[in-house]
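*Asks:* Requesting a structural model of the entry that follows:
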Amino acid sequence: MLPRNSSFFCSAGLAPTLRVSRGCEIVSATGRSAFLLRGRESLRWILQALVKSRRVRGTITVDELFEAGWPGTGAPLTPATRAQRVYAAISRLRRMGLNGIITTCDEGYLLDETWRVEVDSAPQGESAYI
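*Replies:* Predicted coordinates for the structure are as follows:
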């Protein structure tokens, strides 16, 4: 586990900030402990889709999140099973520290608009991450 308020994740703005490393391997939110998503590809890919959706249109559907988290595996699964996988992944991300940041809406999910989102552009694997 990374230390709370590690200098890598500090930001100077007034708005709370969700900060993710490129590839969403390291995640931090203002006032919360940073956490790692290395080795948790489905969770990383879902968070990446949420971040990308935030930049493009805001919301992302359950079907889109399933395709992001488990690419190419949808056909043999029922819609209810695909949705359950997404619900479980979102629940896990919330428990890891994104509660109140990942929100539900009629169309699917989105990152709360009151949170600023920053994606670190340093190359993956740089020692500055840790």
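
*Asks:* Model confidence score at G58, please.
*Replies:* What the model reports for G58 is a pLDDT of 82.

*Asks:* Can you tell me the SS state at it?
*Replies:* coil (DSSP: H, G, I helix; E, B strand; the rest coil).

*Asks:* What's opposite the residue nearest to it when sequence neighbours are not counted in the beta bridge?
*Replies:* Spatial nearest neighbour of G58, excluding adjacent residues (C-beta to C-beta, 6 or more residues apart in numbering): L110 at 5.2 Å. C-beta coordinates here come from the backbone N, C-alpha and C atoms, glycine included. Per DSSP bridges, the residues bridged to L110 are T103.

*Asks:* L110 against I60, yeah?
*Replies:* Yes: if you go by C-beta atoms under 8 Å, L110 and I60 touch, sitting 6.9 Å apart.

*Asks:* Which neighbours do those two have in common?
*Replies:* L50, S53 (C-beta atoms under 8 Å, 6 or more residues apart in numbering).

*Asks:* So for the two, which residue has more residues nearby?
*Replies:* With neighbours defined as other C-beta atoms under 10 Å, L110 and I60 compare such that I60 has more, 23 against 18.

*Asks:* Flag the shaky bits of the protein, pLDDT-wise.
*Replies:* 1-13, 74, 122-130 (pLDDT under 70).
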